[in-house]
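[1] after the sequence you'll find the predicted model.
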2 protein chains.
Amino acid sequence: MPDSFQEIDENVLAPAGFVAGAVACGVKDPKSTRLDLGILHSLEPTVAAATFTSNRVKAAPVRLSQTHFRNDDVQAMVVNSGNANACTGLRGLEDAKAMAKATASALGLRQQQIAVCSTGIIGVPLPVDRVLAGIPGLAGALDARNWPTLARAIMTSDKNPKMVSVRCVIGGKPVHISGIAKGAGMICPNMATMLSFIATDAVIDKKTLQAITRCAVEQSFNRISVDGDMSTNDTAMVLANGLAKNREIVTGSGAAKLFREALTHVMLTLAKKMVRDGEGVTKLVEISVKGAASFSDAQKIAEAVANSSLVKCSWNGGDPNWGRVMHAIGYGGGRIREELIDIYFDGLVATKNGLATDTPIEEMKKVVQQESFTVGIDLHLGDADYTVYTSDLSEEYVAFNRLEYALKLR
Amino acid sequence: MPDSFQEIDENVLAPAGFVAGAVACGVKDPKSTRLDLGILHSLEPTVAAATFTSNRVKAAPVRLSQTHFRNDDVQAMVVNSGNANACTGLRGLEDAKAMAKATASALGLRQQQIAVCSTGIIGVPLPVDRVLAGIPGLAGALDARNWPTLARAIMTSDKNPKMVSVRCVIGGKPVHISGIAKGAGMICPNMATMLSFIATDAVIDKKTLQAITRCAVEQSFNRISVDGDMSTNDTAMVLANGLAKNREIVTGSGAAKLFREALTHVMLTLAKKMVRDGEGVTKLVEISVKGAASFSDAQKIAEAVANSSLVKCSWNGGDPNWGRVMHAIGYGGGRIREELIDIYFDGLVATKNGLATDTPIEEMKKVVQQESFTVGIDLHLGDADYTVYTSDLSEEYVAFNRLEYALKLR
């Protein structure tokens, strides 16, 4: 059987040797049974890789986990939702360490082998006692079938859990990669308010895994935008436990290329699910810039269009307003020649050489009224391209985000 | 009487020797009587200065007016609303030239002495015949008392006309500066979708006027933001006709300093009116960053906070969500140390050393629920500061901007 990969039923989260679980410990609401504490644990030693937010304000668990990934091979992860443990100072760092310590103790690991993640409101101290009280019982009840439960426990304003699995064949051996993620508000290039946990049974060299993870994140989680904001807590991690017993994947091999493609597929699938499930989102829009004079120009222009409030409002209305796309192209900061620019809605040319075409407005409206479409921009200046995935901007987004802090403290 | 300036009744638009007028020519709607064509004319020779959008997609009238301001002293301005004449190619440029030519002919000036401005929808050819048909009658009926009419004619989605006048005393002589402006959507640092026309009877050296205009624009129109977008048509111009007969204002003098302060006051007053009148705006918020390590750091951080959708939604809800302010500070790109940051809502300290304070939430809510307040950010790293004026983000903004192009072409 030749090397290949394919997506498999998302409910079959398959890598052997990983167990998971989640409980309600009372962070989201002391009185409710909403899941808000989870653990993922590899029963075998791992090689591990992770990327973190580039926001200069980093939550305590991010700072702690960065150290752990630098110094050790992380073998388990503990996560709470409902509170980001961000802007919480030294106390926040102590709370994150206490979460790592309690998890390590319950699983028989060293503290440095535990990654800690938090997501939720910023600037409110973590109710750490409730978290610590929940960890021993949870750690004792982990199970390979509990991934979907973990995927639900990390949700904040997400409407749906996000999961995907692929099976690769590498050197004749089946290799599995499974991932879960949470997204919703504050989704932006260079990491969304997102957490993503990916497990694989591949045998892979550590440096190779780190390089492939960086590359796959750049092609997926760093290419999505809902509201242009960037969170304090973003974390994506990949743990590989080697149980597939394939020949070790090393840099430069065909197997490494296939593994990179498969991991990118997992991450991009999760990233698109995040956009679709963003707060108040009704549309998934692909912005595809080509013909730019440089990669950086293409990126600036794609992100300017993806983050323009005016452009996003027009999509919400199903309005093929290519003039607003032009104005965002113009302020993006990349080199352009207005008279060379073509703009497409899916296959329909709305703008040719910077000018309106005679494509009927009714046909273009049909495209923009879809739940998913592509805005193609050809700058005709060079060979560089860049693609981002974004959403519309809706009244529901605003309504959703008007109140949070005051309600939380009431 | 010492040199000084004070604001005067905005309805007294006073500089001698300027006449104005406006008519309905049918650009906004062929069947309506909505004003959409205006002229401002100095009966005397002028010195003139202007600044234009930094968007790389520039409307035809911007390109034409830039040439006219470079080569000549502009003595009159013709403006239409309802159509931006942007992304309209060679035809757009011909249309702008035709507007200049018709106005010059009607007023007995050279074509190069006419500035042309347009504001409205992008990408739709200007109905230039209607504009040209309206110019001769309008040019024959200009009057010093018609400034308020002109202020209404340049409105697009503005709810109110915007005017302000100041009277200075310079070397014992009264000198007047009067301005009108339009704003609304696409308001962003580095020029809003804004037009501003300012007239003064000052005697002033041309280079001095140009330098003071650039400086005043930087301190006013470049400091406002509603939705982070930047228009293709932004223009601010100052015409000075010398009828005040003051001693010529030259660079470096006390008179130049006073004139700069007065012109900045006029522009900043208009700029704040634009924010308050922005699409769906319910609040005017001043973001004041101090203690930054550099001017550029202060600017990046102030603009990141001012343009964060999540922060702006919280203001709309009257929610003192300082955690979202922190996260925007963090991704702004300026140097920070999280543990040194203080955040204030008006005089109330919400965040001290990067952490929540015990200021009661109810008191902070009272500030953020006001129609106007200041968010103060002290980075405690250096001496640089920067202030921007911005708005909240409302459901009304989205509702307003969902549909434009499709409706216009129906």
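    Received the coordinates, thanks. Residues are numbered from 1 along each chain as shown, chains lettered A, B, ... in the order given.
[2] now do the strands in the stretch 201-350 of chain A.
    Counting by DSSP state E, counting those that start in this stretch, the stretch 201-350 of chain A has strands at residues A:224-225, A:235-240, A:284-292, A:342-345, A:348-352.
[3] hmm, the last one touching chain B?
    So that's strand A:348-352. Yes. For strand A:348-352, a contact with chain B is found by CB under 8 Å from any CB of the partner chain, at A:Thr351. Where you see a C-beta, it was placed from the backbone N, CA and C, and this is true even at glycine.
[4] buried ones in stretch A:119-128?
    A:Thr119, A:Gly120, A:Ile121, A:Ile122, A:Gly123, A:Val124, A:Leu126, A:Pro127, A:Val128 (16 or more other CB atoms under 10 Å in any protein chain shown).
[5] now do that stretch: distance from first to last residue.
    Length of stretch A:119-128, first residue to last, CA to CA, to the nearest Å: 14 Å.
[6] now, which of the buried residues of stretch A:119-128 sits nearest B:Arg110?
    B:Arg110 lies nearest to A:Ile122 out of the buried residues of stretch A:119-128, by CB to CB, at 60.1 Å.
[7] find the nearest non-adjacent residue to that closest one, please.
    Nearest non-adjacent residue to A:Ile122, counting by CB to CB, 6 or more residues apart in numbering or on different chains: B:Gly323, 2.9 Å away.
[8] for A:Asp385, same thing?
    Going by CB to CB, 6+ apart, A:Asp385 has A:Lys290 as its nearest residue, at 4.1 Å.
[9] which ones are touching that neighbour?
    The contact partners of A:Lys290, by CB atoms under 8 Å, 6 or more residues apart in numbering or on different chains, come to A:Ala298, A:Gly376, A:Ile377, A:Asp378, A:Leu379, A:Ala384, A:Asp385.
[10] and these, which is closest to chain B?
    Nearest to chain B among the contacts of A:Lys290 is A:Leu379, at 11.1 Å by CB to the nearest CB.
[11] do I have it right that that closest one meets A:Ser294?
    No. Using CB atoms under 8 Å, A:Leu379 makes no contact with A:Ser294, being 10.5 Å away.
[12] neighbour count for those two, which is higher?
    A:Leu379 (23 against 15; other CB atoms under 10 Å in any protein chain shown).
[13] show me what contacts the more buried one?
    Per CB under 8 Å, 6+ apart, neighbours of A:Leu379: A:289-293, A:297-298, A:301, A:334, A:336-337, A:340-341.
[14] list the buried ones in stretch A:86-96?
    A:Ala86, A:Cys87, A:Thr88, A:Gly92, A:Leu93, A:Asp95, A:Ala96.
[15] list of residues touching it?
    A:57-61, A:63-64, A:85, A:116, A:118, A:122-126, A:128, A:131, A:232-233, B:323, B:326-327, B:338-339, B:351, B:353-356.
[16] residue boundaries of the helices in chain A?
    A:60-71, A:89-107, A:128-139, A:147-153, A:206-218, A:254-276, A:295-307, A:309-316, A:322-331, A:361-368, A:395-401, A:405-409 (DSSP state H).
[17] poorly predicted segments of the stretch 1-150 of chain A, please.
    Along the stretch 1-150 of chain A, segments meeting pLDDT under 70 span A:1-2, A:10-14.
[18] cool, and the stretch 301-410 of chain A?
    A:403-410.
[19] can we see that at 50?
    A:409-410 (pLDDT under 50).
[20] picking that back up, now tabulate the contacts of A:Lys290 in JSON lines and tack on distance to B:Leu393.
    Output for those, formatted as JSON lines (distance: CB to CB, whole Å):
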{"residue": "A:Ala298", "distance to B:Leu393": "28"}
{"residue": "A:Gly376", "distance to B:Leu393": "29"}
{"residue": "A:Ile377", "distance to B:Leu393": "26"}
{"residue": "A:Asp378", "distance to B:Leu393": "32"}
{"residue": "A:Leu379", "distance to B:Leu393": "30"}
{"residue": "A:Ala384", "distance to B:Leu393": "33"}
{"residue": "A:Asp385", "distance to B:Leu393": "31"}
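[21] ok, A:Gly354 - how many residues close by?
    20.
[22] does it touch A:Ile329 like I think?
    No. Counting by CB under 8 Å, A:Gly354 does not reach A:Ile329; the two are 9.8 Å apart.
[23] overlap in contacts, the two.
    Joint contacts of A:Gly354 and A:Ile329 (CB under 8 Å, 6+ apart) are A:Ile341.
[24] which residues touch A:Ile249?
    Counting by CB under 8 Å, 6+ apart, the residues that A:Ile249 touches are A:Ile170, A:Ala202, A:Val203, A:Ile204, A:Asp205, A:Thr208, A:Leu209, A:Ala255, A:Ala256, A:Phe259.
[25] for it, name its beta-bridge partners.
    A:Ile204 (DSSP bridges).
[26] residues in the stretch 201-350 of chain A within reach of chain B, list them.
    Listed as neighbours of chain B in the stretch 201-350 of chain A under the rule CB under 8 Å from any CB: A:227-232, A:307-310, A:313-314, A:316-324, A:326-331, A:335-336, A:338-339.
[27] alpha carbons of stretch A:385-396, in CSV - could you do that?
    Provided in CSV are the C-alpha atoms of stretch A:385-396 (Å, rounded to 0.1, in the frame of the first residue of the first chain):
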residue,chain,number,x,y,z
ASP,A,385,0.4,34.3,-2.9
TYR,A,386,-1.3,34.1,0.5
THR,A,387,-4.6,32.7,1.7
VAL,A,388,-6.5,33.4,4.8
TYR,A,389,-9.9,32.2,6.1
THR,A,390,-12.2,34.7,7.7
SER,A,391,-15.9,35.3,8.5
ASP,A,392,-18.5,38.0,8.2
LEU,A,393,-19.3,40.5,10.9
SER,A,394,-22.8,40.3,12.3
GLU,A,395,-25.1,42.1,14.7
GLU,A,396,-25.0,38.9,16.7
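[28] in contact with the residue nearest to A:Ile122, which residues?
    So B:Gly323 contacts A:Ala84, A:Ala86, A:Cys87, A:Ile121, A:Ile122, A:Gly123, A:Val124, A:Tyr405 (CB under 8 Å, 6+ apart).
[29] can you get me a residue count around A:Asn246?
    For A:Asn246, the neighbour count with other CB under 10 Å is 21.
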